[in-house]
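> fold the following for me, if possible:
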Amino acid sequence: MRIAKGDDWKTEPMPSASTKIALEKLYSQEEFDRITAGVIPEQMEDKWFIFYEAPWIYLHRSWTGFCIFKVRFEVVGDSVKIAEVQVNRDPAEYSNTDDKRNASMLLILLNSLSGRDVRNEMLRYIKGQ
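Next up is the predicted model:
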């Protein structure tokens, strides 16, 4: 499996119009290793380019290169926790300004990468909770 690197895709930096959202989640070291492997889009349907540059995971839209999420992790004992989340708030780049929906979308992406079941989080996102 190829590990994604920042220069594997066209990317834009997180704009100054961004905000922090609260999100608590713990991952095992094994799950974190899968997350940090990232994603390199292989076809047009692949909507995300995701890569890790310690201590941040960067999540970019593949078509535009816009940075939508930045997530910083910290080690806590045998686990790794989300310590900080920044979300793009530039309306020209990302129009979703609902913190709960942003948190759900981010959890869907991270949990999917980690190998966790994402069905419940997807239902929450669809329902807008």
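
> which residue of the protein sits farthest from its center?
Gly77 (22.6 Å; CA atoms, centre = their mean).

> can you pull the pLDDT of that residue?
Here, the pLDDT recorded for Gly77 equals 95.

> distance-wise, check it relative to Gln29.
Note on Gly77: its distance to Gln29, by CB to CB, to the nearest Å, is 10 Å. For the C-beta atoms, the positions are set from N, CA and C on the backbone; glycine is no exception.

> got it, and Val71?
Distance from Val71 to Gln29, by CB to CB: 16 Å.

> so between the two, which is more surrounded?
Val71 (23 against 10; other CB atoms under 10 Å).

> list the buried residues for the helix or strand encompassing that one?
Using DSSP states H and E, Val71 falls within strand 67-76. The neighbour-count check on strand 67-76 (16 or more other CB atoms under 10 Å) flags 67-71, 73 as buried.

> what does it rub up against?
11-15, 18, 26-27, 32, 55-61, 80-88, 93-94, 102, 106, 109-110 (CB atoms under 8 Å, 6 or more residues apart in numbering).

> that strand pairs with which strands?
Strands flanking strand 67-76 in the sheet, each with its direction: strand 56-61 (antiparallel), strand 79-88 (antiparallel) (DSSP bridges).

> thought Val39 was touching Asp46, still the case?
Yes: between Asp46 and Val39 there is a contact at 7.1 Å, judged by CB atoms under 8 Å.

> the two: who's more crowded?
Val39 (21 against 12).

> check which helix or strand the closest residue in space to that one that isn't next to it in sequence maps to.
Spatial nearest neighbour of Val39, chain neighbours left out: Ile50 (4.3 Å); criterion: CB to CB, 6 or more residues apart in numbering. Assessed by DSSP H and E, Ile50 sits inside strand 48-53.

> just checking, what packs against that strand?
helix 29-37, strand 56-61, helix 99-114 (3 or more CB pairs under 8 Å, 6 or more residues apart in numbering; DSSP states H and E).

> quick one on the thing from earlier: ramachandran angles for the residue farthest from the centre of the chain?
The phi/psi pair for Gly77 (degrees, to the nearest 10) reads phi 60, psi -120.
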